[in-house]
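S.K.: Here is a sequence with its predicted model. Questions after.
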Amino acid sequence: MPIIRCLALLLPLLLGSAPALAGNAWSAVAYPLSGSPQVIGSYAAGCVAGAGALPLVGDGYQAMRPSRNRYYGHPKLIAFVERMGRETAARGDRLLIGDLAQPRGGPMPSGHRSHQSGLDVDIWFLQKPRDQVLSRADTERIEMPSMVRATEGALNASRWSPRYRDALKQAAQSPEVDRIFVNAIIKQALCQSETDRSWLNKVRPWWGHDSHFHVRLVCPRDSALCQPQKPIPPGAGCDADLANWVRDIRQAALSPKPYRRPEPPSADRLPTACNAVLNGPTARR
Ligand SMILES: [Zn+2]
């Protein structure tokens, strides 16, 4: 490697303040900050103090990819996942839970722009039977199957199950849930199949989210510094805007662009109150 290039790579390390590395300070913290729970900032630029850890296996759910250490959240989020699990168990099934947040929230070096404030959780569409607990190796290995045929703009009917709709509806009808992100093709299919579409208001169309849905909770009462999102417009959202989403997703699948790894979100945008969360003491274990 030419010496100039080598120096250029080393310099930010020597200065110790490269913005690209800042996100890693949050991913390097292994445990939550002790003390009372508090969400600071927004879903895509925030952090969480006093987070709880989701037990990796519970009644009706199991956490996936635990090696990432992203199974932390505000206690309301932990309680929400556990309740979703119990209700799924009552239907004879088990939910597979994706990422929540890092122990103190903050930006992740890969995978998400949000999930920063301990109020977001990804839930796989794929479910397992209630009695089947995956091995630790399988929780790291099993793939998350897509539920859509994007090039056709249609649901993959051979994979979709009414159970997945039940889980979505249950989440959407929970008062602590602010909104849910799903692939627009999935929302469109629900617009066509549901007779009562009132619960679809909280189900928002987005890119990706064809193998999991993303649940976002409202700001908890204990968190004065939590920054809410703009309210969702009224109505089920089964409209022209949704049709445009589906058209764009289908078009993107038909003529895919070469994949460019997105820049990780910067830690520079976090509220200054998050500095104390990052640097404060760990809960005694
Ligand atoms: Zn997500």
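M.R.: Right, received. Where do you want to start? Numbers count the residues shown, from 1 in each chain.

S.K.: Going by C-alpha atoms from here, please, whenever you check contacts or count neighbours.
M.R.: OK.

S.K.: how distant is stretch 182-191 from the center of its chain?
M.R.: Mean-position distance between stretch 182-191 and its chain equals 18 Å (C-alpha atoms, centre = their mean, to the nearest Å).

S.K.: I meant to write stretch 143-150 there.
M.R.: 17 Å.

S.K.: Outside of that stretch itself, list whatever touches it.
M.R.: 124-126, 154-157, 159-160, 185-186, 210-212, 249-250, 253 (C-alpha atoms under 8 Å, 6 or more residues apart in numbering).

S.K.: what does stretch 272-285 give?
M.R.: Contacts of stretch 272-285 (C-alpha under 8 Å, 6+ apart): 25-26, 29, 31-35, 40, 46-49, 104.

S.K.: quick one: which of the contacts of stretch 143-150 sit in strands?
M.R.: Taking DSSP state E, the ones among the contacts of stretch 143-150 that sit in strands are 124-126, 154-155, 212.

S.K.: Name the nearest of the residues you listed relative to the ion.
M.R.: Nearest to the ion, judged by C-alpha to the ion, of these is residue 212 at 8.1 Å.

S.K.: How many residues are close by the nearest residue to the closest one once chain neighbours are set aside?
M.R.: Leaving aside its sequence neighbours, residue 212 sits nearest to residue 124 (C-alpha to C-alpha, 6 or more residues apart in numbering; 4.0 Å). Using other C-alpha atoms under 10 Å, residue 124 is surrounded by 23 other residues.

S.K.: The ones in strands among the contacts of stretch 143-150: which two are farthest apart?
M.R.: Spanning the widest gap among the ones in strands among the contacts of stretch 143-150 are 124 and 154, at 18.7 Å by C-alpha to C-alpha.

S.K.: Can you list the residue ranges for helices in this structure?
M.R.: 3-15, 19-28, 75-90, 136-141, 162-172, 184-193, 240-254, 273-279 (DSSP state H).

S.K.: ok, back up a step: need the ones in strands among the contacts of stretch 143-150 in JSON lines with pLDDT and distance to residue 60, can you?
M.R.: JSON lines is the format used below for these (pLDDT from 0 to 100; distance: C-alpha to C-alpha, whole Å):
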{"residue": "124", "pLDDT": "98", "distance to residue 60": "13"}
{"residue": "125", "pLDDT": "98", "distance to residue 60": "14"}
{"residue": "126", "pLDDT": "98", "distance to residue 60": "13"}
{"residue": "154", "pLDDT": "96", "distance to residue 60": "29"}
{"residue": "155", "pLDDT": "97", "distance to residue 60": "26"}
{"residue": "212", "pLDDT": "97", "distance to residue 60": "17"}
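
S.K.: Any idea what whichever residue of the stretch 51-200 of the chain sits closest to the ion is bridged to?
M.R.: The minimum distance from the stretch 51-200 of the chain to the ion, using C-alpha to the ion, falls at residue 122 (4.7 Å). Per DSSP bridges, the residues bridged to residue 122 are residue 214.

S.K.: got the buried residues for stretch 175-194?
M.R.: 176-188, 190-191 (16 or more other C-alpha atoms under 10 Å).

S.K.: Over to stretch 269-278?
M.R.: For stretch 269-278, burial by neighbour count (16+ other C-alpha under 10 Å) applies to 270, 274, 277-278.

S.K.: returning to that earlier point: now, of the contacts of stretch 272-285, which are buried?
M.R.: Neighbour counting by 16+ other C-alpha under 10 Å classes 26, 29, 31-34, 40, 46-49, 104 among the contacts of stretch 272-285 as buried.

S.K.: Quick one: name the residues of the stretch 151-285 of the chain near the ion.
M.R.: Contact residues, the stretch 151-285 of the chain versus the ion (C-alpha under 5 Å from the ion): residue 214.

S.K.: Give the residue spans of the stretch 151-285 of the chain that score low on pLDDT.
M.R.: Low-confidence segments of the stretch 151-285 of the chain, defined by pLDDT under 70: 283-285.

S.K.: Now with 50, please.
M.R.: Counting by pLDDT under 50, the stretch 151-285 of the chain contains no low-confidence range.

S.K.: Quick check: the residue of it nearest the ion.
M.R.: Counting by C-alpha to the ion, the stretch 151-285 of the chain gets nearest to the ion through residue 214 (4.5 Å).

S.K.: Thank you kindly, that will do.
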